[in-house]
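A.B. asks: Could you look at this predicted model? Sequence included:
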Amino acid sequence: MGWYSQHDRMFRKIVPSIAKASYNPVVKLGTNVVAGLLSRPFAELRELPPNHLRIRTGAGNRIVNDHVSFILKSYRCWLTFLSRNYCVFSSDVVELGCGCGGVALALREPWFKGTFVGIDIDEEMIAYCRNNFPAERFKFILSPHKSKTYSPGKLCTSSNATSDLTIAARESKDFVYSLSLYSHLLETETLDYLRETHRILRAGGIMYMTFFCIEHLKLGRRWTFQHRHGNAYVESSRYPEAAVAYHEAFMTELVATCGFREVSVAPRRNATSELVARK
């Protein structure tokens, strides 16, 4: 198993979800202070979102020192999207699970001439984005979905989680992407987002997502996904949305059922896999 799996598993038993812990006032204060001290000598790092918001969107175990990786993630994503022709400089794009704007960060540069819509269930992160991105081309929407992990204190059941999810006008967007959103969605929410994505994409538009694919994971080390929740496999029964995995066949069939074509799934360098489909 090695050092990583032993110690990481022990850490996760104490803190099953870093995202959940980031709502704790003590964790907020402590990690923000340490991360703030580390960023103090560098102006570009001081301009980043607060540390507790960054780790809430996923920083592995880098709970106070993810500054540089947070910046690099955005530029690497857009280099990938543009080089694969998923979009162009003037595309109308949507990010599902935008968090505190980490991936959208690069779009504030002059090269981006399109429009951006971000959606998330976290009120604090949506508020941050609305205050830190130009309103002329950036819009941020609070999702009606709720989660034990990402919207504590405002829970709803899966049976009513699909109410009122409207992101944009029908066939008004060129590219809809999500990084690790579907690795936190149970079946009902997954289907809801897929249907809305298909509705808002123009003909020929691209959907890109990452998710935990059971067939591509090395189970037994960092991830076990030993708990079942319908067709989903969850890492923590206490916080099921903290990490959710699906079989490749289930996801491809679900995407095709929603009306997408040219569906493909491939492993990535990290634990998640990517799914690409065209309307």
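C.D. replies: Cool, the structure landed.
A.B. asks: how far away is Y239 from A232?
C.D. replies: Distance from Y239 to A232, counting by CB to CB, to the nearest Å: 13 Å. Using the backbone N, CA and C atoms, a C-beta is placed for each residue, glycine as well.
A.B. asks: actually N270, not the one I wrote
C.D. replies: 20 Å.
A.B. asks: do H52 as well
C.D. replies: 27 Å.
A.B. asks: Which residue of the two possesses the greater neighbour count?
C.D. replies: Shown here are H52 and A232; by other CB atoms under 10 Å, H52 has more neighbours (23 against 20).
A.B. asks: looking just at contacts, which helices and strands does the strand or helix carrying that one meet?
C.D. replies: Per DSSP states H and E: H52 is located in helix 51-56. If contacts are counted by 3 or more CB pairs under 8 Å, 6 or more residues apart in numbering; DSSP states H and E, helix 51-56 sits against helix 18-21, helix 25-39, helix 123-132.
A.B. asks: So which residues of this protein form strands?
C.D. replies: Assigned strands in the chain, in chain order: 92-96, 115-120, 138-142, 173-178, 201-213, 227-229, 232-234, 244-246, 261-267, 273-278 (criterion: DSSP state E).
A.B. asks: Out of these, flag the one nearest P25.
C.D. replies: Proximity to P25 (CB to CB) singles out strand 115-120 among the strands of the chain, at 21.0 Å.
A.B. asks: partners of the closest one in the sheet?
C.D. replies: Strand 115-120 sits in its sheet next to strand 92-96 (parallel), strand 138-142 (parallel), going by DSSP bridges.
A.B. asks: May I see these arranged in CSV, with distance to W223 and mean pLDDT as well?
C.D. replies: CSV is the format used below for the strands paired with strand 115-120 (distance: least, CB to CB, whole Å; pLDDT from 0 to 100):
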stretch, distance to W223, mean pLDDT
strand 92-96, 22, 98
strand 138-142, 30, 97
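A.B. asks: ok so, going back, need the strands of the chain in CSV with distance to S83, can you?
C.D. replies: Compiled in CSV, the strands of the chain are given as follows (distance: least, CB to CB, whole Å):
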stretch, distance to S83
strand 92-96, 15
strand 115-120, 19
strand 138-142, 23
strand 173-178, 14
strand 201-213, 13
strand 227-229, 36
strand 232-234, 32
strand 244-246, 27
strand 261-267, 15
strand 273-278, 13
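A.B. asks: Out of the ones you listed, which one sits most buried?
C.D. replies: When these are scored by mean count of other CB atoms under 10 Å, the highest mean neighbour count falls to strand 244-246 (a mean of 25).
A.B. asks: Neighbours of the closest residue to R108 other than its chain neighbours, how many?
C.D. replies: Nearest non-adjacent residue to R108, counting by CB to CB, 6 or more residues apart in numbering: F133, 6.7 Å away. Per other CB under 10 Å, the neighbour tally for F133 reads 20.
A.B. asks: Surely K113 and V93 touch.
C.D. replies: No. K113 is beyond contact range of V93, at 11.5 Å (criterion: CB atoms under 8 Å).
A.B. asks: Excluding chain neighbours, what is closest to R261?
C.D. replies: R278 (5.6 Å).
A.B. asks: in terms of contact, does the one you found touch E262 like I think?
C.D. replies: Yes. If you go by CB under 8 Å, R278 and E262 touch, sitting 4.5 Å apart.
A.B. asks: From L48, how far off is N131?
C.D. replies: Distance from N131 to L48, counting by CB to CB: 14 Å.
A.B. asks: Okay, now the unreliable bits of the stretch 1-150 of the chain?
C.D. replies: Within the stretch 1-150 of the chain, the stretches with pLDDT under 70 are 1-19, 59-61, 64, 148-150.
A.B. asks: Quick one: mean pLDDT over stretch 197-208.
C.D. replies: Stretch 197-208 shows a mean pLDDT of 98.
A.B. asks: Need the contact partners of that stretch.
C.D. replies: 81, 86-87, 94, 96, 167-178, 255, 258-260, 274-279 (CB atoms under 8 Å, 6 or more residues apart in numbering).
A.B. asks: could you redo the last one with a cut-off of 6 Å?
C.D. replies: 86, 167-168, 170-177, 258-259, 276-279 (CB atoms under 6 Å, 6 or more residues apart in numbering).
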